[in-house]
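Engineer: could you look at this predicted model? Sequence included:
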Protein chains: 4
Amino acid sequence: MLIVLKKEAAQKEIDELLENIRKAGYNPDFLPGAERTAIGIRGNTKYIDEAELHLNNAVKEVLHVTKPYKLVSREWRIQDTLIRLKNGVTFGGSNPPVIIAGPCSVESETHVFETAECLFKNKVKAIRGGAFKPRTSPYAFQGLGVEGLKYLRKAADQFGLAVVTELLHLETLDEVVRYADMIQVGARNMQNFEMLRRLGEIRKPVLLKRGMAATIEEFLLAAEYILAGGNDQVVLCERGIRTFETATRNTLDLNAVAYIREVSHLPIIVDPSHGTGRASLVAPLTRAAIAAGAAGVIIEIHKEPSKALSDGFQTLNFQQFEELLRSISLARSESDAR
Amino acid sequence: MLIVLKKEAAQKEIDELLENIRKAGYNPDFLPGAERTAIGIRGNTKYIDEAELHLNNAVKEVLHVTKPYKLVSREWRIQDTLIRLKNGVTFGGSNPPVIIAGPCSVESETHVFETAECLFKNKVKAIRGGAFKPRTSPYAFQGLGVEGLKYLRKAADQFGLAVVTELLHLETLDEVVRYADMIQVGARNMQNFEMLRRLGEIRKPVLLKRGMAATIEEFLLAAEYILAGGNDQVVLCERGIRTFETATRNTLDLNAVAYIREVSHLPIIVDPSHGTGRASLVAPLTRAAIAAGAAGVIIEIHKEPSKALSDGFQTLNFQQFEELLRSISLARSESDAR
Amino acid sequence: MLIVLKKEAAQKEIDELLENIRKAGYNPDFLPGAERTAIGIRGNTKYIDEAELHLNNAVKEVLHVTKPYKLVSREWRIQDTLIRLKNGVTFGGSNPPVIIAGPCSVESETHVFETAECLFKNKVKAIRGGAFKPRTSPYAFQGLGVEGLKYLRKAADQFGLAVVTELLHLETLDEVVRYADMIQVGARNMQNFEMLRRLGEIRKPVLLKRGMAATIEEFLLAAEYILAGGNDQVVLCERGIRTFETATRNTLDLNAVAYIREVSHLPIIVDPSHGTGRASLVAPLTRAAIAAGAAGVIIEIHKEPSKALSDGFQTLNFQQFEELLRSISLARSESDAR
Amino acid sequence: MLIVLKKEAAQKEIDELLENIRKAGYNPDFLPGAERTAIGIRGNTKYIDEAELHLNNAVKEVLHVTKPYKLVSREWRIQDTLIRLKNGVTFGGSNPPVIIAGPCSVESETHVFETAECLFKNKVKAIRGGAFKPRTSPYAFQGLGVEGLKYLRKAADQFGLAVVTELLHLETLDEVVRYADMIQVGARNMQNFEMLRRLGEIRKPVLLKRGMAATIEEFLLAAEYILAGGNDQVVLCERGIRTFETATRNTLDLNAVAYIREVSHLPIIVDPSHGTGRASLVAPLTRAAIAAGAAGVIIEIHKEPSKALSDGFQTLNFQQFEELLRSISLARSESDAR
């Protein structure tokens, strides 16, 4: 950490600052310069809250040299973390990309079973589906609730699938933990720190989606919360960020996939459905995500997207999904050969 | 609502679409054009979920003519809504801008009382302070909890102030409702729909902060959730949005203040502390917010900002705060004269 | 085009508006609704400037149904446009992705020849290099000028390469046209309309880079300028957009690649060097770009990136570049097999 | 400048780096730390191009302590720079905010004279108007050219006004210099470095608009180009930045106004017409801009905005403009009293 001082800083203020840093247990280096004087703090192995340093009027800027996250970093654990779901599906390392697919919202028992059967036939091993739906408008469909969770579980058990579903609010934590194999934290909850803390205490894998305006650093810090709580079974998910572009619903940030693989040991998957918001873009961006190094994808599919109760525009029908799987499997066999 | 059809849409698909719209209870207009054919839906007085229309393969784009919010709009209620706190402080209409001030986090009883006394001496009638703190890093100070709420209440009662404090998660709803006069929904919870729903059921004023990547439309829809639940005591708060600019913590969007005054009857205040992230910018942006038509401001102050446990960089000390109040009061007396 | 009227619009104003639309040669449809009245204009085959309609006080909003671009659209020309450089390199259609590589700035004759030889050995057929450099700081290296162009031409001729270089300002148009096989318009000049107009008059292929804050629609309109001027040899280039994320220099928008392939017949390539700003991310994002459907990539390479006079951080050395080519060629042979 | 080294950096690489820094004339400080080792460079009074340091494989990150601009900074010149136009209008210091007003495009001689007369009657001393128009679409009105400049000059001379007009491309530099009193660089040309260089050589005031995706640092660096060339008569102009918000055309960044007043001695004005894109928001945001400390505003007005050939939606008519002036003058008399 480097603390840059104001040009006009009084000696008394600087002395006070140095004193406070020493009291906090650190060893400040005084670094005078031609235009700026700075104070370096080295050897701080825990994250220093800037304010806790009792920064005073002499301080112009604080530059962090060490990143604020730790447990999620490659420096903490050099090898890829592997996340294994109950039915054997494994994210990360040299495993082939995991496909998770299913409807945006669970709409009925029949609907879930038809989807599960489609997945089974195509050797896809994980089903997604929302039982509780966060909706921007209070007048839109809000989900089936616990009933939806039960349908997912039943269909998954029959077809040997793992269930991935969102924990929308903490009140339903017990139910979601009971029925799901992997608990999704939605983009809007990425900085719901109480939720992250509670998920740190459970022993099930978490799928943490990036907030639509979250930096990569904030995304990793959100994962850090879960790991710091004791649960290191976290899969990250890039799902598009909000930018000025309006032709697509979000801007899928595949830079983040390659970058996170560098700086973190956690697996990262991609959601091309929300990341693009247009069904016709899902297939090319799925292939791009895998080429960028994603450990998997999570895709919205529906027997009849035009009749889906939510997100119809970005949803593939079963046939489009099967075509996509074929194109990925070709790429996969090639990448095995590499 | 205008549904634009694909050039190559089959007649069969179009017929199906028209049929579905009619089934949903609407009266479609068929509008053939030289390059594009469109279907108009007029007279829809409730929000239509695009997917519920059973959109089919013929559809290229959907354009909304009517805005998706209703209860918060000026068209629904033409006059400014006034929000009155227990001690008489009133937001909106021709009332002078309300000043809310206090520390980012409640740190100790003494600390709260010193702040409350400063407010009292300066005729400021509302104190803010966080008892539960959302922190980006799991290693930073997380707040005093219920103890902090009690300190706020006690100090407010002694000095005739209203208490404005954040509801961080629903588990603490009862306590926050008990101790606060106005319940703040933080930027990260703006789309916590379960929280919005529950706040629709209580009978205390809500201060709803704009999410850092929320559009004005999403912001108003979040307020709509609370009003739709039965609580129309909502004050909006612009607190800066996330953009590419990094010189300031956020980009304060004063366009939003003037725009929302046009389209909504709800009062909107401004948070120049988070909106700028730099203490030296708080005073000029407070004056700018009021000039743009804000119904008030919420400002972080601290006896010794350099010792604050959070947000020290953007916090005014008591003397800076008093200078700011003087400059506002001059502007206020002028605006009365207008 | 749909013109939405204000609720309180006076009949006189509406009549005037209808009259003006008719005068402009269009046939307005009057579409009364329960909450809003709108006027539709169908059959407008040229772009209507909103202001030219003499919009009056009755108008609330204007919605464009038809896109404002025409010549660049798939509807205008359904088949992929192929762009062929003098030495046979061809962009678009079913051609394999074109690789363009070279240094950010041309630094010396030796330097260019070493690069050209490396390309030749690796069967890469197009060299890039900046002779005139736009630099954010007035104190940074500004390029070799015409001398740099000559080195590029000489090296390209010896090794059978095509030269791709940037036209930084119009004063150098003649020289750039003389020495280059493909004229690059940099991101900062994407809306330099005079430059676009002049490039519409020449008969050499243009490589048009997307502005860092340009929407896809503005990007296509910039290409429309060149096509409208008579030159339809335009290759588009996605090079990253500016967002709130700072871990990478830009956010590479691969959604745009897949989207533009849908709506336009022009080939689009990707610049993963500027799009990421980090050498270690260039290889995975190159593979992702090709998987998303890019017609090629343009990559910064340098014999010793750490000694490059500009952009060293995002530049591959020759060995890294060769490894990348091998991984692409594997993917390419697979995609041929599909 | 602080150079952070990789954990795994080889001693040989570090030695080489230190050697290169010394060769470049700087004195490196070696700062070993528990987790990271860094090299500090102090006393560098000119901007160091990162690449010029011959950074090698050992380098992880480079942090700038000193800002890259110099001549535009408050540290270089502590007092406000005053910019005086030929007719006495003065920007900066304790001068009242300058009002510049006029149409987006010059449309006819009559039109310019009517506008000039309106300004004269209202004691406004500077007229704006575009003779050459940058238009996103090749099919929109492109301006009257030199004829437009002559109309502006003639009307300005008759009514004692200063002419502010845009230099769209360098080919017209001589004409624009001849007819204008202040030469505007539009947002799209903010990083047209050749234009900036040429404007550094003339001796007329320049109005430099912020690019719509330019950071404050880039904005100040663009001004630095002009000052470095020898022309220190630069007025900055905040005109809104591009963000995810679409309710307004741009997001007016008034933080930038207060921030730039802190870090630079150059006056900064605001363009609320482009900054909001909606006529109804121009008045409140003009008042906000002045309250934030702007040295002036530049406003689009038109006798009949609905008939304007460009930007009609964001243009005030003469009556709205006069009302705005009255509200500003009240605020101004108050601020004098302060």
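Structural biologist: Sure, I can see it.

Engineer: which residues touch residue A:252?
Structural biologist: Residue A:252 sits next to A:238-240, A:270, A:272, A:275-276, A:285, A:289, C:253-255 when contact means Cβ atoms under 8 Å, 6 or more residues apart in numbering or on different chains. The C-beta positions use only the backbone N, C-alpha and C, and glycine is treated the same way.

Engineer: then residue A:287?
Structural biologist: Contacts of residue A:287 (Cβ under 8 Å, 6+ apart): A:327-328, A:331, C:291-292.

Engineer: tell me the helix or strand right after the helix or strand where it lies.
Structural biologist: Assigned by DSSP states H and E, residue A:287 falls within helix A:279-291. Where DSSP H and E defines the elements, the next helix or strand beyond helix A:279-291 is strand A:296-300.

Engineer: pLDDT of that next one, averaged?
Structural biologist: Across strand A:296-300, pLDDT averages out at 97.

Engineer: from the contact counts, what lies against that strand?
Structural biologist: strand A:98-102, strand A:268-270, helix A:272-276, helix A:279-291 (3 or more Cβ pairs under 8 Å, 6 or more residues apart in numbering or on different chains; DSSP states H and E).

Engineer: now that strand: how far from the chain's centre is it?
Structural biologist: Its chain's C-alpha centre and that of strand A:296-300 lie 13 Å apart, by Cα atoms, centre = their mean, to the nearest Å.

Engineer: likewise stretch A:176-190?
Structural biologist: Distance, centroid of stretch A:176-190 to centroid of chain: 11 Å (Cα atoms, centre = their mean).

Engineer: do that stretch and chain C meet at all?
Structural biologist: No - Stretch A:176-190 does not reach chain C (Cβ under 8 Å from any Cβ of the partner chain); its nearest approach is 14.3 Å.

Engineer: and that stretch, end to end?
Structural biologist: 17 Å (Cα to Cα, to the nearest Å).

Engineer: can you tell me which of the contacts of residue A:252 are buried?
Structural biologist: A:238-240, A:270, A:272, A:275-276, A:285, A:289, C:253-255 (16 or more other Cβ atoms under 10 Å in any protein chain shown).

Engineer: and for the residue in chain A that chain B sits nearest to, nearest residue in space, chain neighbours not counted?
Structural biologist: Of all residues in chain A, residue A:213 sits closest to chain B, at 3.1 Å by Cβ to the nearest Cβ. Of all residues not flanking residue A:213 in the chain, residue B:213 sits nearest, at 3.1 Å (Cβ to Cβ, 6 or more residues apart in numbering or on different chains).

Engineer: about what we covered before: got TSV for the contacts of residue A:252, with distance to residue C:91 and pLDDT too?
Structural biologist: Shown next, in TSV, are those (distance: Cβ to Cβ, whole Å; pLDDT from 0 to 100):
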residue	distance to residue C:91	pLDDT
A:238	29	98
A:239	31	98
A:240	28	98
A:270	27	98
A:272	25	98
A:275	26	97
A:276	24	97
A:285	21	98
A:289	24	98
C:253	19	98
C:254	17	98
C:255	20	98
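
Engineer: near chain B, list only the ones from those residues.
Structural biologist: Answer for those near chain B: none qualify (Cβ under 8 Å from any Cβ).

Engineer: of the residues you listed, which is the nearest to chain D?
Structural biologist: Using Cβ to the nearest Cβ, the contacts of residue A:252 come closest to chain D at residue A:240, 12.1 Å.

Engineer: show me the contacts for the closest one.
Structural biologist: A:212, A:248-253, A:271, A:274-277, C:255.

Engineer: check residue A:285 too.
Structural biologist: When contacts are counted by Cβ under 8 Å, 6+ apart, residue A:285 touches A:252, A:270, A:272, A:275-276, C:254-255, C:258, C:292.

Engineer: and if you look at residue A:301?
Structural biologist: A:101-103, A:115, A:118, A:315-318, A:320-321.
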